[in-house]
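Novice: Provided below for reference: sequence and predicted model.
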Amino acid sequence: MKILRILLVIVLVVVAGRTFNANAQTETNLYSFVGSPTDGANPHAGLVQGTDGYFYGTTSGGGTYGDGTVFRINPDGTYTNLYSFAGSPNDGSGPTRLVQGTDSSFYGTTSGGGMYSNGTVFRISPNGTYTNLYSFADSPNDGNQPWAGLVQGSDGNFYGTTSGGGTYSNGTVFRISPSGTYTNLYSFVGSPTDGSLPAAGLVQGSDGNFYGTTVLGGAGTQYAPDGGGTVFRISPSGTETILYSFGSSLSDAFYPYAGLLQGSDDNFYGTASDGGTYANGAVFRISPSGTYTNLYSFGSSLSYGWDPQAGLLQGSDGNFYGTTYFGGNTYLNSGDGVGSVFRISTSGIYTSLYSFGSQTNDGARPAAGLVQGSDGNFYGTTLDGGAGSCGLFGCGTVFMLDVGLGPISSNCTFSINPTNAVFDAAGGSDSVSVIASNGCAWTAVSNDPSFITITSGSSGTGDGTIRYSVAANMSTNGLTGTMTIAGQTFTVTQSGASAENCTYTLNATSVTLAARGGSKNASVKVKGSDCSWTAVSNDSFITITSGSSGTGNGKVDYAVPGNTNTTALSGTMTIAGQTFTVNQAAGGCTFKLSPKAGKITAAGGSATVKVKPNFNDCAWTAVSNDSFIMITSGASGTGKGTVSYAVAANTNTTVLTGSITIDGETFTVTQSGEK
């Protein structure tokens, strides 16, 4: 099996303006990392273009402490080192790819460092102000060593994966709020019916669920005895479904290190680093329901590239673009080639666009995928190569590839519906639809964030929806503000409050709840007539059940579920412009089984065991530890549930004893021997 190549070292030197041509494409080496204390080395992750037009990225090595960096680079190659990781208890090491949040800050993970040396989640502003949000712990209720970046969900929280940790030490899916409130959503089992080792991040589908891949696990076959990896779907609440297990045939793909991309046709597209007809990797398509198609097998000609380790990008022309770690023309005295850039259509028509290493100081071995800039060109990084002196092939590069698409604005047309909205002083929420041609990418930005907040859909590809909220206007003056959506101006007009001065107070400013949660309310007292107000939850674990708006005195009802975390939670609501804090004691899930053990006769048979968690929000899984016990239903669930199991006839005279593990609790099954 090809292993994930995460190289941590040195880095950087500017080599702007050097261009190479292959297959009528133009490649420009924008920057060479040199590995000095003020520079990074070996960028393993790709780039993201910020709303300011700059590209932002990370290096896995280099910097002041040798633990990696965050950098910014202009499309013309002007480079700025923003931050050096220290690998200390308060800092991470080995950063992954960044994502820009709706607050304009960038969020990411590190595979190492932090309080427990198991990785971190961090936030960094465009000017380099750094905050460590979370340190992964080595416990069954937490993941460790995230190898991939985050995605911001439509609820404003960030979602990601860890390659290890969790209940079964096979990796996890987690959620974390922008303020650092962490929830472990799912622990991979690693059995034949589940995946293990998720090396890539998630993508949120148009249905609101998240989709991803695991490198190992799934239904193993003779071609992949330990499982060739899976494609899975997981809901924002943590319900997981396996859509596909790789390795069903000799020509099937294996070991998908990269994540998925939802195309403009709603199908998901991805790559696998191994397998396919020539055992050198493949490009595949899979529908949201799990219908799988192998589109292309790498290796029919090694000069076309092979071993894709990164995911795909859908360009403004509707085609998909990606990189291979090996292959391409064999430059730099490398018989395997040092990587390539390719294009593939939705029907599987493949074109090799560029081979790395064609000239001195060119990049080598792109481990990350591409991003299409607003100028229509593709930008990316190579792990090795360039003018730096890190090892045999250099410290890595940032490159630009022009394939002749031109600026996105010249290829794309956008429209929005509606183009304006009117709100009264109480504020509220609404949505705007974007219609984009050719699957073109767009962004949405509030130009007046003090009273217009984008709650989801700050960027997208193809048609999409932006949801936004307008805060209550406590002033008697009307307000007018705008959002820029896909280059179009959306105007919000809001009336002022009544002429009489309105003042708002709450009966309390905070509450502390037990771990079991519950339903509570907060009272709003208003001085003045016709004074309107709104109530908004700022954290996902607080749900407003009634009273989200009102006029005059009123009441806000809210509910908090059981705290399944072992750490305390703290979140806020904004009620009539006032901050109301909700604190919840540390919890954690415990389970009781009824009965505590089962007895089966020699003839075999079936039975059940009831699972009773302390909270209805506690998720659990059931795994048979012995081959003679088969779980027939209830292999997983949330809250109270039932596990059904069956035992075959015992033809031996000896008594058989086995067990089922149900979320850490052992259920013993004893079967009589044949008399």
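Specialist: Received, thanks.
Novice: quick one: buried residues of the helix or strand hosting Leu593?
Specialist: Take DSSP states H and E as the rule and Leu593 turns out to sit in strand 591-594. Across strand 591-594, burial judged by 16 or more other Cβ atoms under 10 Å covers Leu593. Any C-beta I mention is one placed from the backbone N, CA and C, and that applies to glycine too.
Novice: What is that strand packed up against?
Specialist: Strand 591-594 is packed against strand 605-613, strand 665-671, with contacts defined by 3 or more Cβ pairs under 8 Å, 6 or more residues apart in numbering; DSSP states H and E.
Novice: Moving along the chain from it, name the first helix or strand you hit.
Specialist: strand 597-600.
Novice: what bridges to the closest residue to Thr382 other than its chain neighbours?
Specialist: Taking Cβ to Cβ, 6 or more residues apart in numbering as the measure, Thr382 lies nearest to Gly363, with 3.1 Å between them; neighbours along the chain are not counted. Per DSSP bridges, residues listed as beta-bridge partners of Gly363: Gly385.
Novice: give me every residue that touches Gly363.
Specialist: When contacts are counted by Cβ atoms under 8 Å, 6 or more residues apart in numbering, Gly363 is found next to Asn29, Gly339, Phe356, Gly357, Thr381, Thr382, Asp384, Gly385, Gly386, Gly396, Thr397, Phe399.
Novice: host element of the first one?
Specialist: Think Asn29. Under DSSP H and E, the secondary-structure element containing Asn29 is strand 25-34.
Novice: same for the helix or strand that comes right after that strand, what does it pack against?
Specialist: Downstream of strand 25-34, the next assigned helix or strand under DSSP H and E is strand 40-41. Counting by 3+ Cβ pairs under 8 Å, 6+ apart, the packing neighbours recorded for strand 40-41 are strand 11-13, strand 25-34, strand 55-59, strand 61-62.
Novice: Centre of the chain to the longest one, how far?
Specialist: Remark: strand 25-34 is offset 28 Å from the chain centroid, using Cα atoms, centre = their mean, to the nearest Å.
Novice: about what we covered before: any idea which of the helices and strands packed on strand 591-594 is most buried?
Specialist: The highest mean neighbour count among the helices and strands packed on strand 591-594, using mean count of other Cβ atoms under 10 Å, belongs to strand 665-671: a mean of 18.
Novice: and stretch 371-379, how far apart are its ends?
Specialist: 5 Å (Cα to Cα, to the nearest Å).
Novice: What are the buried residues along it?
Specialist: In terms of neighbour count (16+ other Cβ under 10 Å), stretch 371-379 has its buried residues at Val371, Gln372, Gly373, Ser374, Asp375, Gly376, Asn377, Phe378, Tyr379.
Novice: ok, of these, which one's closest to Val151?
Specialist: Within the set of these, Val371 lies nearest Val151; the separation is 14.7 Å, counting by Cβ to Cβ.
Novice: hey, what's that closest one bridged with?
Specialist: Each beta-bridge partner of Val371 is listed here, defined by DSSP bridges: Tyr379.
Novice: Go through stretch 634-646 and flag the buried ones.
Specialist: Buried residues in stretch 634-646 (16+ other Cβ under 10 Å): Gly634, Ala635, Ser636, Gly637, Thr638, Gly641, Val643, Tyr645.
Novice: what two of these are the furthest from one another?
Specialist: Checked with Cβ to Cβ, those reach their widest spread between Thr638 and Tyr645, with 19.5 Å between them.
Novice: which one of the helices and strands packed on strand 40-41 lies closest to Gly404?
Specialist: In terms of Cβ to Cβ, the element of those nearest to Gly404 is strand 25-34, at 7.7 Å.
Novice: quick one on the thing from earlier: nearest to Gln152 among the helices and strands packed on strand 591-594 would be which one?
Specialist: Nearest to Gln152 among those is strand 605-613; the distance by Cβ to Cβ comes to 29.8 Å.
Novice: what's the average pLDDT for that closest one?
Specialist: Mean pLDDT, strand 605-613: 94.
Novice: what sits up against it?
Specialist: Residues from elsewhere that reach strand 605-613 (Cβ under 8 Å, 6+ apart): 589-595, 598, 600, 620, 622, 632, 634, 637, 639-647, 660, 662-663, 667.
Novice: Given the strand holding Leu593, what are its sheet partners and their directions?
Specialist: strand 605-613 (antiparallel).
Novice: Can you give me every residue that contacts the closest residue to Asn650 other than its chain neighbours?
Specialist: Using Cβ to Cβ, 6+ apart and skipping residues adjacent in sequence, the residue nearest Asn650 is Ala602, 4.6 Å away. Ala602 makes contact with Ala649, Asn650, Gln671, Ser672, Gly673, Glu674, Lys675, according to Cβ under 8 Å, 6+ apart.
Novice: what's the closest of the buried residues of stretch 371-379 to Ser352?
Specialist: Checking the buried residues of stretch 371-379 against Ser352 by Cβ to Cβ gives Phe378 as the nearest, at 14.3 Å.
Novice: picking up where we left off before, name the SS class of the residue nearest to Asn650, please.
Specialist: Three-state call for Ala602 (DSSP: H, G, I helix; E, B strand; the rest coil): coil.
Novice: how near is Gly363 to Leu401?
Specialist: The spacing between Gly363 and Leu401, counted by Cβ to Cβ, to the nearest Å, is 10 Å.
Novice: for Leu133, that is, sorry about that
Specialist: Using Cβ to Cβ, Leu133 is found at 34 Å from Leu401.
Novice: out of the contacts of Gly363, which is most surrounded?
Specialist: Using other Cβ atoms under 10 Å as the neighbour test, the contacts of Gly363 are led by Gly396, with 37 neighbours.
Novice: That residue is in contact with Asn42, isn't it?
Specialist: Yes: Gly396 is in contact with Asn42 according to Cβ atoms under 8 Å; the separation is 4.9 Å.
Novice: Could you pull up the residues touching Tyr116?
Specialist: Counting by Cβ under 8 Å, 6+ apart, Tyr116 makes contact with Ser135, Phe136, Ala137, Asp138, Asn144.
Novice: can you do 10 Å?
Specialist: Neighbouring residues of Tyr116 by Cβ atoms under 10 Å, 6 or more residues apart in numbering: Pro89, Ser135, Phe136, Ala137, Asp138, Ser139, Asp142, Asn144.
Novice: What about the first one, how many residues nearby?
Specialist: Okay, so that is Pro89. Counted with other Cβ under 10 Å, the neighbours of Pro89 add up to 13.
Novice: Check the fifth one too.
Specialist: Asp138 is surrounded by 14 other residues when neighbours are defined as other Cβ under 10 Å.
Novice: Let me know whether it touches Thr162 as I believe.
Specialist: No: assessed by Cβ atoms under 10 Å, Asp138 is found out of contact with Thr162, at 11.1 Å.
Novice: which neighbours do the two share?
Specialist: Common contacts of Asp138 and Thr162, defined by Cβ under 10 Å, 6+ apart, comprise Asn118, Asn144, Gln145.
Novice: Same list (these) but as CSV, adding neighbour count, distance to Gly218 and secondary structure.
Specialist: What follows is the shared contacts of Asp138 and Thr162, written out as CSV (neighbours: other Cβ atoms under 10 Å; distance: Cβ to Cβ, whole Å; DSSP: H, G, I helix; E, B strand; the rest coil):
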residue, neighbour count, distance to Gly218, secondary structure
Asn118, 24, 25, coil
Asn144, 24, 22, strand
Gln145, 19, 21, coil
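Novice: tell me which of those is nearest to Thr109?
Specialist: Nearest member of the shared contacts of Asp138 and Thr162 to Thr109, counting by Cβ to Cβ, is Gln145, at 9.3 Å.
Novice: so who does that closest one touch?
Specialist: Shown here is Gln145, whose contacts under the criterion Cβ under 10 Å, 6+ apart are 94, 109-112, 117-119, 136, 138, 162-165, 171.
Novice: what's the answer for Thr181, then?
Specialist: Here Thr181 is in contact with 133-134, 157, 175, 539-541, 565, 567-571 (criterion: Cβ under 10 Å, 6+ apart).
Novice: For those, name the two members farthest from one another.
Specialist: So for the contacts of Thr181, where distance means Cβ to Cβ, the most widely separated pair is Asn157 and Ala568, at 18.1 Å.
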